[in-house]
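Visitor: Mind looking at a prediction? Sequence and model below.
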Amino acid sequence: MNKVLQRAEDAVALVPDGATIMIGGFGLCGIPENLIDALRIRGTKDLTIISNNAGVDDFGIGRLLRARQLKKMIASYVGENKEFERQVITGEIDVELIPQGTLAERIRAGGAGIGGFFTPTGFGTVVAEGKETRVIDGKSFVFEQPLRADFAFVKAWRGDRKGNLIYRRTARNFNPVMATAAKVTIAEVEELVEPGRLDPDAIVTPGIFVRHILQGPSYEKRIEKRTVRL
Amino acid sequence: MRDKRGRIVQRVARELKDGDYVNLGIGMPTLVANHVPADIDITLHSENGLLGVGPFPTDAEIDPDLINAGKETVTEVPGSCYFSSADSFAMVRGGHIDLTVLGALQVDEEGNLANWMIPGKKVKGMGGAMDLVAGARRVIIAMEHGTKEGGAKILKRCTLPLTGPRVVDLIVTELAVIEVTDKGLVLKEIAEDTTIEDVKKHTDATLIVPDHVGRF
């Protein structure tokens, strides 16, 4: 079984129009930038994207938005993207906003074969409208459904040919949980190594969750808000 | 009056206790980190997957893989750890975060909080705010007492969509420190250069005024 793909182009060729794709990352940190760019170049359209944020106007998911490849965006916060805002106002794109922890847990449930869960998050707000609620031990909870996708695009720091992944710093974020919740998970890594080169105790995403892996040719790692002390 | 925000965050910092795990919201609450008393040790949680947030980096230390929930570049302190978003919110909802400090658009007499959307205006999303107010053991609101237009933010009832019902424990503004109790809003302290009457004038909710009101 060869999981290794040579190029991001080969990976996105698997994705049909209308697919649902989870894309890892928080802001621009830890996004699979080579896969996103390959998807933009291929022009795959009518996509439903599940990602915490929508990128910025000219980087990350923002590039797919600008090329009008999205039909729907499922996210927790989309405030940094003017083109996204424009497409929401004109009705070109659907948006579903989900509390960040609920988004993460719905994806976790999807990947773990759990049929849903009761969470305190969103009780008594618009988020709970139309959903089952229950009082458990005197506290109110809202029922939330699992979330799955056709594809997950994730980014890791290092990976091996078996698909085992290790992340770096806060670039981990949604990547490990999304890796578990798609029919086909494609990982891009900064460094692809032979099996045995990664410490088995340090692996965060076991290779069982990863169908394809590739080494990104380069990483821009754009910084959204450069803040420094003197 | 001296800098409003500085006054607010300095007062909030006095609520921190040794050993606390603390999540600071985006914007003004983040500034609380600059005023942690020297004799206590707290650990800052960032919901994108870090316990042990340090100060902003120097130019040489900048790492694009290391940001806070506001997407700002940060550093890690010794003893930090990283984890996934799912684990991060297990900490939040599971009651493991001792304290969160958030901003607000409105707070009311029941401790209801509205801080994520204004109908008819651009909707950006709630991010992690609904999880934080539902799960953190203590919720402190750090905000300016009134709106920029001079309206009240502390109300009998919130009119904006809620982030969470009955979630706020303490409100700290440049004018007052107000505790949310079962009986209503209790005026605990007022700023050194204001009066109880002035605080009441800028508050559209009933304030319970105890015999002793402190100064800050």
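Guide: Structure received. This is a predicted model, so every value here is computed, not measured.
Visitor: now residue B:134, nearest residue through space, not along the chain?
Guide: Of all residues not flanking residue B:134 in the chain, residue A:120 sits nearest, at 4.1 Å (Cβ to Cβ, 6 or more residues apart in numbering or on different chains). Every C-beta, even on glycine, is put in place using the N, C-alpha and C of the backbone.
Visitor: Burial check on the one you found, number of neighbours?
Guide: One way to gauge burial is a neighbour count; for residue A:120, by other Cβ atoms under 10 Å in any protein chain shown, it gives 21.
Visitor: need the contact list for it.
Guide: Under the criterion of Cβ atoms under 8 Å, 6 or more residues apart in numbering or on different chains, the neighbours of residue A:120 are A:139-142, B:93, B:134-135.
Visitor: Select from the residues you listed the one having the most neighbours.
Guide: Note: the member of the contacts of residue A:120 with the most neighbours is residue B:134, at 29 neighbours, neighbours being other Cβ under 10 Å.
Visitor: and that residue, that one's in a strand?
Guide: No - assessed by DSSP: H, G, I helix; E, B strand; the rest coil, residue B:134 does not belong to a strand; its assignment is helix.
Visitor: my guess is it contacts residue B:167, does it?
Guide: Yes - in this structure, residue B:134 is within contact of residue B:167 by Cβ atoms under 8 Å, at 7.0 Å.
Visitor: Going by residue numbers, what spans are helices in chain A?
Guide: Taking DSSP state H as the criterion, chain A carries its helices at A:8-12, A:33-42, A:61-66, A:82-89, A:100-112, A:175-179.
Visitor: just checking, what packs against the worst-scoring helix or strand of chain A on mean pLDDT?
Guide: Ranking every helix and strand in chain A by mean pLDDT, DSSP states H and E puts helix A:82-89 at the bottom, with a mean of 86. Of the remaining helices and strands, those touching helix A:82-89 by 3 or more Cβ pairs under 8 Å, 6 or more residues apart in numbering or on different chains; DSSP states H and E are helix A:61-66.
Visitor: what's around residue B:188, how many residues?
Guide: Number of residues near residue B:188 (other Cβ under 10 Å) recorded here: 18.
Visitor: Which residue comes closest to it once chain neighbours are left out?
Guide: residue B:177 (4.6 Å).
Visitor: beta partners for the one you found?
Guide: Applying DSSP bridges to residue B:177 yields these beta-bridge partners: residue B:172, residue B:189.
Visitor: right, and it touches residue B:189 too?
Guide: Yes - contact criterion Cβ under 8 Å: residue B:177 and residue B:189 qualify, at 4.0 Å.
Visitor: quick one, what contacts the nearest residue to residue B:191 once chain neighbours are set aside?
Guide: Leaving aside its sequence neighbours, residue B:191 sits nearest to residue B:175 (Cβ to Cβ, 6+ apart; 5.3 Å). Contact criterion Cβ under 8 Å, 6+ apart gives B:145, B:190-191, B:194, B:198-199, B:202 as the residues in contact with residue B:175.
Visitor: how does it look with 7 Å?
Guide: Contact partners of residue B:175, counting by Cβ atoms under 7 Å, 6 or more residues apart in numbering or on different chains, are B:145, B:190-191, B:194, B:199, B:202.
Visitor: I'd like to know how many residues surround residue A:229.
Guide: Residue A:229, neighbours per other Cβ under 10 Å, totals 10.
Visitor: how near is it to residue B:59?
Guide: The gap separating residue A:229 from residue B:59 is 9 Å, by Cβ to Cβ, to the nearest Å.
Visitor: do the same with residue B:154
Guide: Taken as Cβ to Cβ, the spacing of residue B:154 relative to residue B:59 amounts to 42 Å.
Visitor: swap in residue B:194?
Guide: With distances taken as Cβ to Cβ, residue B:194 is found 42 Å from residue B:59.
Visitor: which of those two has more neighbours?
Guide: Neighbours of residue B:194 and residue B:59, each counted by other Cβ under 10 Å, are more numerous for residue B:194; the result is 17 against 9.
Visitor: for that one, helix, strand, or coil?
Guide: Classification of residue B:194 by three-state DSSP places it in coil.
Visitor: Look up phi and psi at it.
Guide: Per-residue torsions, residue B:194: phi -130, psi 180 (degrees, to the nearest 10).
Visitor: how far away is it from residue B:173?
Guide: Relative to residue B:173, residue B:194 is positioned 10 Å away (Cβ to Cβ).
Visitor: Check residue B:4 too.
Guide: Between residue B:4 and residue B:173 the computed distance is 8 Å (Cβ to Cβ).
Visitor: got any residues that touch both of the two?
Guide: Counting by Cβ under 7 Å, 6+ apart, the residues touching both residue B:4 and residue B:173 are residue B:144.
Visitor: where in chain B is pLDDT low?
Guide: Using pLDDT under 70 as the threshold, the predicted model of chain B has low-confidence ranges B:1-2.
Visitor: repeat that for 90
Guide: For chain B, the stretches with pLDDT under 90 are B:1-3, B:119-123.
Visitor: now the farthest one out in it, which residue is it?
Guide: residue B:60 (30.9 Å; Cα atoms, centre = their mean).
Visitor: How about the secondary structure of that one?
Guide: Here residue B:60 is recorded as helix under three-state DSSP.
Visitor: shaky segments in chain A?
Guide: Confidence mapping of chain A against pLDDT under 90 gives the ranges A:1, A:57, A:79-86, A:88-91, A:229-230.
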